[in-house]
Structure formats: C-alpha cells, structure tokens
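A.B. asks: Only the shape, not the letters, is given here:
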C-alpha cells in the first residue's frame, strides 16, 4: 500500500496543540483481467478515491484551526491478484448453484446433481484461490500501519494520539477489509481510530457464499470509536442476473472472461437460472456491531450497486458526516467539485518492505504439497468436455481444468509453470528453454533464521540449467540440479530474507532442448528447539529431550546468573527429537541455565 500525500509536506509531521486530522481512503479490488494493466486504466479506477481525498484535504478554511492539520492518504495496493480469478470462480459456481435450483424446480434431478457437482468444485477452488488475495491484503495493512506509526503521522504515544489525533478510515469493498485490519493492528499498539467507514465492505460475513472470498470479519475486527456500515440495495448477483451494461460494469467482464461472444450477444443465463440467481443476496449484511448506521444506497441500473456506491456516497450528505463525525464552524460548506487526478499534489511516501512485518500473515506456503489443487484438478478434468448448458460455468470449468491455470490460482506464476499430477502425486512443474519460469508466494519470514525445504526432481536438463531460490525478485541461492531422474531434497538457509515478500523458485534453461523440474513438499522451517522433557538422574546428570524443527551443530553454554556464559560442549541435533545427557551438574548451585548457539 502506498500512502499518497495531498496538499502539503507529509514527510515531517508537526504535533501542535489541538488535533491533527488524518484521513485514509482505501480502494477495493481492481476488476481487471490484465496482469499488467495500463497506467490510464489504473488511474481511472482510483479516480474517485483521489476525489474523495481531495474533498477532505480542501475542506478547512485558510487561517482557521484546521489549516495545515489535515493529511489525506489514498491507498495503492495489490487488490486484484488471486481475487479476480477467485471472484470469477465463485460466481460461476453460484450460477451452477442457481442452475441446480432451476433444474430441481423442473424436476430434472440428474441435471441438478450435475450442476451441484460443478458448484461445489468451483466454490472450493475459489476459496483456495482467495487465500492468496488475503495474504496481499494483510501485507498492505501492515505496510500502512508502519507508515502511520513510524512515519510521524500519528503521535508516537498512543494515549496522546487518541486524545489529539483524529484518524478517519474510509474503505470500499476489499478496501474496507484492509482498513479493518489497519484498525486491528493499531489497536494492538494502543491506538483507537476515530471513525471507520465501510462502503459495501467485503467480509467473511457476506451471505450466500460471498464470505468465502472475505479477508476477515469486519463486524469483529474493525476497531474505532465510531463504526459506520453503508450497504447497497442489490447484491453482486445482479451482475449476471440483471440487464446491466457489460461495457460499463467491469465485474461482468471479469466473470465473462473468455466469453466475448456471450457479452456481445447477451447470452447470459437461462430463465430458470436467472430467476434462481436473484434469490441470492450477495452484499454486505446489516452489522449489528456497527451501532451508528447501516443505511442503503440504491444504484443506477447501469452498473452493479457494488461499484456505484463510491459515487453515490460522494454525492450524499453522509460523506461530510464522515468528516470527523460532526460539523465544525471553521470548515467551509461542502464543496463537491471534482478536482481530478492531475490536481493531486505532494510526493509518495513508501515504507521499505524489509522493515515491515505482518503478525497476522502466516509463515507457511499455501497448499505446499499441491494436494488441494491436485485434488480439484482431478475433480474438474472429467467435466471439461461435457457441456452443462450454462456457458459461464463451462468456461470456468475449462480454466480450472488447465494445469497452468490451476497452478496460477494458488501461486504467482510466470513463464511455463503448471500443476503436474503423476500417479496422484501433484507438484509444480517449471519448464524453460527460451523463457524464464517461476512460481512464488507472499510469506512473512519475520526476523531471525528460517530455512525453506522441499523436493526437487529434474525431468529434463541442459548443461546451463539453473534453479534459483528467489526473494523479492532477486536470486539468493542456487540449487544444484545434476540428474535427469533423481529426486533430491533441498534445505536452503534464508538468513538474508526477512519481513514480508515474495519467496519463490526460478528456472532458467538454455541450449536447444527444454529443461524441466518438478518441485514438491515445500515448507518453511523455523530453527526452534524445544525442551520437551528434563530430568536429573542419581548420578547428577542432566537428561534433556530436545525437539528441533531444523537440526544442526550447536555449542552448549551454561550460566548461573544469565549474564556470564561459559562453554560446556558441542552437540549435533537432528531434525526431530534428540536425547542428550549433560554431565557434571552440580547440586551446589541454586540454579544453572543452559543455552544453545548454532554453529554456522
């Protein structure tokens, strides 16, 4: 997430008597099919968010109490990766669900069962894919919290900040989830934002399977003095169940990916499926924990209400009600003039990723053995050549049945990377001759030693083939690939990799023939050693049972005061459990302490 400043210098914060007003405007997911959208498309998507930020920033009158104290931010974060295909998969699944309901009403139970089979497969894959988008949302929130607390925008003392800083967070769709995570992370540091506002905020509490794509539960995780929850009149199911303009509504374009003819000819759903689809209600629910407001905004019928709510909100009097939550006499009357992107001033302020960690982001890879993706691939493959009767469902089944697409639903991929499933043992196959192939995922390596382990099998090799472990786009370790048939296990140190970032594997081939390797059984190991049992026998010996996630050679040291340490012995600890005997324990000491130091 990139905080962007408006109207003034945000590099040096001044804590004056009185309060500072800090507004955070966070966009939802960018509904684009392009993995590299044009700058114009990205700017146009974020335009309304800049407009709202400028409306906040230009509010104070010159010479009044608030002059120079208003700082506004517009987020910039990766909201599309993994979420866009998860959205398409889920709603294709919901169409299959609606088709099953329609077939049941016609008493065509065989067709209903066939649709239900597709529905379950697609929604399970959507849930798996959404884990990747959740990791990116967690990363964005952690980055922005570090910017707010470490960049001088909030007072370093939370008690003072809670009394004098006014922090307003406004988020749409998934942006509301990012903002909720921001408030949760700030609460752990002792901060309590003034107001949190969600515009049809995407969350795990969305009904009719919508919550499968949620990053968190807004009703439980959002922390602020005032919570507001703005809803839409019609849910996202209307993207396909109503006659919205496909050109004006990018959500429908995402869903119809690969079905251009269907958009042009308006081949949407059968009558029965459309009717059943309209029984769903996929939108933000009423949230009782948001005691202040749960108003509903109607749409214009041209686009989904989910996309329209930002414009509707800006035109509403409720927009200014969200400015500190009350009116101040030294503020100008509402000015809704749209200043546009070109009028935005100031410089970006970006926190270096290496200094940021996300306490919520899981350390491990998602589906590290590729077993879930492999099972889903085996489920959908037999369905690829069987038409269901609903073209959207069939299109997404075909995508899910592609080994390359299936892998991309779980891992960030480039080049030729696909899911292979030999004899029920799935893995990631990277192939390279004239392209560089790579897979990676966002992980949190924290501070301290970590190791990545896995199995590697070379399917075909060239003399110049190399496989690199890559961290944030740069190789940090080269794996030896020296056999065209052997399966080897690697164990790579990650001392130089800390914080949140992309960890992956890159295959670079050469020569006339294609190089290919299969990677499997991936894990990130922590060098923790736990003492699972400790005893002193009659001979005065200390008996230790050590459980190690990552073994190695260690020096054992002892101390009687935890200040001065002396060398005892050197030991080798294997992965797993090791029994060790320490001789010469003296009963004359009231206490003796031991520690282990890894020998590099």
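C.D. replies: In hand now; what should we look at? Nothing here was measured: the structure is a model prediction, and the numbers come from that model. Numbering: from 1, shown residues only.

A.B. asks: in the sheet, who's paired with residue 230?
C.D. replies: Counting by DSSP bridges, residue 230 is bridged to residue 199.

A.B. asks: Counting neighbours, what do you get for it?
C.D. replies: The number of residues packed near residue 230 is 25, by other CB atoms under 10 Å. Every residue, glycine included, has its C-beta placed from N, CA and C.

A.B. asks: Please name the residues that touch it.
C.D. replies: By CB atoms under 8 Å, 6 or more residues apart in numbering, residue 230 lies in contact with 197-200, 293-297, 309, 313, 318.

A.B. asks: What about the residues you listed, which are in strands?
C.D. replies: Counting by DSSP state E, the part of the contacts of residue 230 found in strands is 197-199, 296-297.

A.B. asks: and these, which are buried?
C.D. replies: For the ones in strands among the contacts of residue 230, a neighbour count by 16 or more other CB atoms under 10 Å gives the buried set as 197-199, 297.

A.B. asks: so which of those residues comes closest to residue 365?
C.D. replies: Within those, proximity to residue 365 (CB to CB) peaks at residue 198, which comes in at 30.8 Å.

A.B. asks: Tell me the spacing between the closest one and residue 426.
C.D. replies: Separation of residue 198 from residue 426 (CB to CB, to the nearest Å) stands at 38 Å.

A.B. asks: I'd say residue 282 and residue 210 touch.
C.D. replies: Yes: with contacts counted by CB atoms under 8 Å, residue 282 reaches residue 210, the gap being 4.2 Å.

A.B. asks: Quick check: neighbours shared by those two?
C.D. replies: Joint contacts of residue 282 and residue 210 (CB under 8 Å, 6+ apart) are 235-236.

A.B. asks: Show me which of the two is the more surrounded one.
C.D. replies: Between residue 282 and residue 210, counting by other CB under 10 Å, residue 210 is the more crowded of the two (25 against 22).

A.B. asks: Contact partners for that one?
C.D. replies: 90, 202, 235-236, 282-283.

A.B. asks: how about 6 Å then?
C.D. replies: residue 282 (CB atoms under 6 Å, 6 or more residues apart in numbering).

A.B. asks: I'd like to know how far it sits from residue 306.
C.D. replies: Counting by CB to CB, the gap from residue 210 to residue 306 is 10 Å.

A.B. asks: could you say which helix or strand contains residue 578?
C.D. replies: Using DSSP states H and E, residue 578 maps to strand 576-582.

A.B. asks: Give me the sheet partners of that strand and which way each runs.
C.D. replies: Note on strand 576-582: by DSSP bridges, its sheet partners are strand 542-548 (antiparallel).

A.B. asks: who does the next helix or strand along the chain from the partner strand touch, helix- and strand-wise?
C.D. replies: Using DSSP H and E, the helix or strand that directly follows strand 542-548 along the chain is strand 552-559. Packing partners of strand 552-559 (3 or more CB pairs under 6 Å, 6 or more residues apart in numbering; DSSP states H and E): strand 566-573, strand 593-598.

A.B. asks: Same list (those) but as a markdown table, adding mean pLDDT.
C.D. replies: Shown next, in a markdown table, are the helices and strands packed on strand 552-559 (pLDDT from 0 to 100):
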| stretch | mean pLDDT |
| --- | --- |
| strand 566-573 | 75 |
| strand 593-598 | 72 |
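
A.B. asks: The ones you listed: which one's closest to residue 59?
C.D. replies: Distance to residue 59, taken as CB to CB, is lowest for strand 593-598 among these, at 56.5 Å.

A.B. asks: Using neighbour counts, pick out the buried residues of stretch 184-192.
C.D. replies: 184-187, 191.

A.B. asks: Run the chain-centre distance for it.
C.D. replies: Offset of stretch 184-192 from its chain centre (CA atoms, centre = their mean, to the nearest Å): 20 Å.

A.B. asks: what residues does it touch?
C.D. replies: Here stretch 184-192 has contacts from 145, 158, 161-162, 221, 223, using CB under 6 Å, 6+ apart.

A.B. asks: Rounded mean pLDDT for it, please.
C.D. replies: Across stretch 184-192, the average pLDDT comes to 91.

A.B. asks: Between the two ends of that stretch, how far is it?
C.D. replies: 9 Å (CA to CA, to the nearest Å).

A.B. asks: now stretch 168-176
C.D. replies: Counting by CA to CA, you get 12 Å between the two ends of stretch 168-176.

A.B. asks: And stretch 282-299, by the same measure?
C.D. replies: Terminal residues of stretch 282-299 lie 15 Å apart, using CA to CA.

A.B. asks: Ok, stretch 413-428 next?
C.D. replies: Length of stretch 413-428, first residue to last, CA to CA: 10 Å.

A.B. asks: wait, residue 556 sits on residue 567?
C.D. replies: No: using CB atoms under 6 Å, residue 556 makes no contact with residue 567, being 7.8 Å away.

A.B. asks: I'd guess residue 153 is in a strand, am I close?
C.D. replies: No: read with DSSP: H, G, I helix; E, B strand; the rest coil, residue 153 is coil and lies in no strand.

A.B. asks: separation between it and residue 193?
C.D. replies: 12 Å.

A.B. asks: of the two, who's got more company?
C.D. replies: For residue 153 versus residue 193, neighbours defined as other CB under 10 Å are more numerous around residue 193 (27 against 21).

A.B. asks: Next, find the distance separating the more buried one from residue 313.
C.D. replies: Computed as CB to CB, the residue 193 to residue 313 distance reads 19 Å.

A.B. asks: what does residue 81 give?
C.D. replies: 26 Å.

A.B. asks: Likewise for residue 582?
C.D. replies: Look at residue 582 and residue 313: by CB to CB, they are 67 Å apart.

A.B. asks: Please apply the same query to residue 155.
C.D. replies: In terms of CB to CB, residue 155 sits 29 Å off from residue 313.

A.B. asks: Looking at the two, which has the bigger crowd around it?
C.D. replies: Per other CB under 10 Å, whichever of residue 155 and residue 313 has more neighbours is residue 313, with 21 against 18.

A.B. asks: low-confidence ranges in the stretch 401-550 of the chain?
C.D. replies: Low-confidence segments of the stretch 401-550 of the chain, defined by pLDDT under 70: 446-449, 482-485, 510-511, 526-530, 548-550.

A.B. asks: For it, just list every one of the helices.
C.D. replies: 403-408 (DSSP state H, counting those that start in this stretch).

A.B. asks: Show me where it has its strands.
C.D. replies: Under the criterion DSSP state E, counting those that start in this stretch, strands of the stretch 401-550 of the chain are mapped to 412-414, 416-422, 425-432, 436-444, 451-460, 466-471, 474-479, 487-493, 500-508, 515-525, 529-536, 542-548.

A.B. asks: For those strands, give me TSV that also has mean neighbour count and distance to residue 46.
C.D. replies: Shown next, in TSV, are these (neighbours: other CB atoms under 10 Å; distance: least, CB to CB, whole Å):
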stretch	mean neighbour count	distance to residue 46
strand 412-414	19	22
strand 416-422	20	30
strand 425-432	23	34
strand 436-444	23	22
strand 451-460	19	35
strand 466-471	20	29
strand 474-479	14	29
strand 487-493	14	38
strand 500-508	23	23
strand 515-525	21	34
strand 529-536	12	48
strand 542-548	17	48
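
A.B. asks: now the ones you listed as a markdown table including distance to residue 34?
C.D. replies: Below are those laid out as a markdown table (distance: least, CB to CB, whole Å):
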| stretch | distance to residue 34 |
| --- | --- |
| strand 412-414 | 15 |
| strand 416-422 | 19 |
| strand 425-432 | 24 |
| strand 436-444 | 19 |
| strand 451-460 | 31 |
| strand 466-471 | 23 |
| strand 474-479 | 25 |
| strand 487-493 | 33 |
| strand 500-508 | 20 |
| strand 515-525 | 28 |
| strand 529-536 | 47 |
| strand 542-548 | 46 |
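
A.B. asks: right, and those strands - which one's nearest residue 372?
C.D. replies: Per CB to CB, nearest to residue 372 of the strands of the stretch 401-550 of the chain: strand 425-432, 9.0 Å.
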